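> Attaching a predicted model along with its sequence, questions to come.
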Amino acid sequence: MESAISRTPVELWRDIFRQYLGPPIPDVDQAQNLQEFRDIILSSKPELLQRYRQHENLRNTLRRVCRAWKLLADQMEGSRIVVNYGDGHLWPPNSDLSKADRVHYRITNGSPYDPVFNYRKKLGIIPRHYNSIPVGVGFGIALPKTAIFESRHFIVPDGGEDTPDHIATVRAIRISYTSFRNLLHNNSLRALSHSAFRRLLAVSLDVEFPFCDSSSLFNFTLQELKCLILQLSFNVNYQFGTHDTHHNILSTWNFPKLTMLKISGSFPMGSQNDVNEFFGHHGENLEELDYSARCREVYVRHVVHDWRILRRLKAYHQYSLIPLAHNLPFLGAWTASHRQRLRIVLSIGWMGEVDDDTFPPSLDLNSHKEAISMLIFVLPHRWAYYADLLQPSNLSLRYLWSSLEKAQKLFAVVEEVGARVEDVSGECHDSESAAPFRKLLANYRWPFTALRRGAQASSNF
């Protein structure tokens, strides 16, 4: 007689397993927008690894039931993650690097909240210093689909041998804590020109800028790149102007399929044209943009860039509403010519800009009413999260005074000009899920003086 397991269709078991295991670690080939790419290559390391450990513990429970469930559990979606220090102690223990979808190449043990930290502490492994020998990465076997390099350098072999397609499998890469000083014969930036990385889909670079001679990478091209995240750090070791053309590197980079760009940090005045030209070459194809980079020598609080070239833009990421307010004159011309709604994706800290006005009092909203009406403000959390912020137990938090004011100002503008606000799940501000938050917000229209006095009085006890 057949068992219940064998009689049940495999697809039904697969659906049950998905419910039991929960959402898998995202795969880079499945990412559809800038936020999903950021979650893959910029996500919090301890949080991601803890989530992965929990997911794998549940998977192991399924594997132990019977052979059929083991085979099915092995086939379930989800990236296989390995942390590699180059010292033979992989995490999770007994991992197979050749089967990993995502590898973190490290030289430090991480934080106490990191499961890898506790594992290595039990082994008695002393944390390594940032200046220790970098992790060496060879190309004799296929590299993981997602590679996170947290060391200062990684090494590629000399020579121009072309890497076979079955080995050139890297689709996403992050290089952080990068130093471009020529301490090794190959450094991180130049390594990206190796053929093993030619199929990259997403790249995140924390780079010193402008680039030094030793890291010059002219005419850098990635034919399949869709997402680029650039964090520019001012290169204090580079005497700008002492070399003829080595600072004009970024503008020579070419990514014909780039549709998502995040560029932040600072750069010297002499590199302004380099940054502007790079932006100009790729702006026409961009569908999502997060632009906060600014010139170091010139104090410009609100970044303003050329909107005219953004012909295909669908989403614009902002850390708060303040820079958006200063872009409204340019945004008005953009919406007038495109006649399509633009999604304004707000960051997690958009309510925390305590000292700023959401929309300056001097701003004439009536003159920008049509432009604002074409916007969809996208909040980083669900409506239930914001409703919870307004519960009495949370109102004593000092930062909430500003948060309440900002939320009220935002909804006042929305109601006046007919714009739209959505939470991270796409629920509109007039939906049933938003109703509890809107009701609580209305009840706290002018309580700020009383709240401050109450908080001050309670702090005296």
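Now that the structure is in, tell me what you want to look at.
> how close does Leu289 sit to Ser233?
21 Å (Cβ to Cβ, to the nearest Å). Placement of C-beta: from N, CA and C, glycine included.
> Neighbour count for the two, which is higher?
Remark: of Leu289 and Ser233, Leu289 carries more neighbours, 23 against 14, as counted by other Cβ atoms under 10 Å.
> before we move on, what SS does the more buried one have?
strand (DSSP: H, G, I helix; E, B strand; the rest coil).
> Now for it: which residues touch it?
Leu289 makes contact with Met260, Leu261, Lys262, Leu310, Leu313, Ala315, Tyr316, His317 under the criterion Cβ atoms under 8 Å, 6 or more residues apart in numbering.
> ok now do the fourth one, which residues does it touch?
Under the criterion of Cβ under 8 Å, 6+ apart, the contact partners of Leu310 comprise Gly283, Glu284, Leu286, Leu289, Trp334.
> redo that, cut-off 10 Å
279, 283-287, 289, 291, 316, 330-331, 334, 338, 342 (Cβ atoms under 10 Å, 6 or more residues apart in numbering).
> what's the distance between it and Trp334?
Leu310 sits 7 Å away from Trp334, going by Cβ to Cβ.
> Residues that sit against both of those two, list them.
Contacts common to Leu310 and Trp334, judged by Cβ under 10 Å, 6+ apart, are Tyr316, Leu342.
> In ChimeraX, select just the buried ones from the contacts of Leu310.
To isolate the buried ones among these in ChimeraX, judged by 16 or more other Cβ atoms under 10 Å, type:
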select :279,283,285,286,287,289,291,316,330,331,334,342
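> so is Arg343 in a helix, a strand, or just coil?
Following three-state DSSP, the label given to Arg343 is strand.
> Excluding sequence neighbours, find me the nearest residue to it.
Leaving aside its sequence neighbours, Arg343 sits nearest to Ala315 (Cβ to Cβ, 6 or more residues apart in numbering; 4.2 Å).
> looking at it, that neighbour is touching Leu261, isn't it?
No - judged on Cβ atoms under 10 Å, Ala315 makes no contact with Leu261 at a distance of 11.3 Å.
> who's more crowded, those two?
Leu261 (23 against 19).
> coming back round to it: now do the contacts for the residue nearest to Arg343.
So Ala315 contacts 33-35, 260, 286-290, 342-345, 376, 378 (Cβ under 10 Å, 6+ apart).
> Apply 8 Å and report the result again.
Asn33, Leu34, Glu287, Glu288, Leu289, Leu342, Arg343, Ile344, Val345, Val378.
> can I get those residues in CSV with distance to Tyr52?
Formatted as CSV, the contacts of Ala315 follow (distance: Cβ to Cβ, whole Å):
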residue, distance to Tyr52
Asn33, 22
Leu34, 23
Glu287, 30
Glu288, 27
Leu289, 31
Leu342, 35
Arg343, 30
Ile344, 32
Val345, 26
Val378, 27
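> can I get those in TSV with pLDDT and distance to Tyr386?
Output for the contacts of Ala315, formatted as TSV (pLDDT from 0 to 100; distance: Cβ to Cβ, whole Å):
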residue	pLDDT	distance to Tyr386
Asn33	90	22
Leu34	90	23
Glu287	95	27
Glu288	95	24
Leu289	94	26
Leu342	90	22
Arg343	91	18
Ile344	90	17
Val345	91	16
Val378	92	13
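> Can you say which of those residues are buried?
For the contacts of Ala315, buried by 16+ other Cβ under 10 Å: Asn33, Leu34, Glu287, Glu288, Leu289, Leu342, Arg343, Ile344, Val345, Val378.
> right, and the first one touches Glu288 too?
Yes - if you go by Cβ atoms under 8 Å, Asn33 and Glu288 touch, sitting 6.2 Å apart.
> Need the residues touching each of the two.
In contact with both Asn33 and Glu288: Met260, Ala315, using Cβ under 8 Å, 6+ apart.
> ok, back up a step: list just the nearest of the contacts of Ala315 to Ile125.
In terms of Cβ to Cβ, no member of those lies closer to Ile125 than Leu34, at 36.5 Å.
> Contact partners for that closest one?
Leu34 touches Cys227, Met260, Lys262, Glu288, Asp290, Ala315, His317, Val345, counting by Cβ under 8 Å, 6+ apart.
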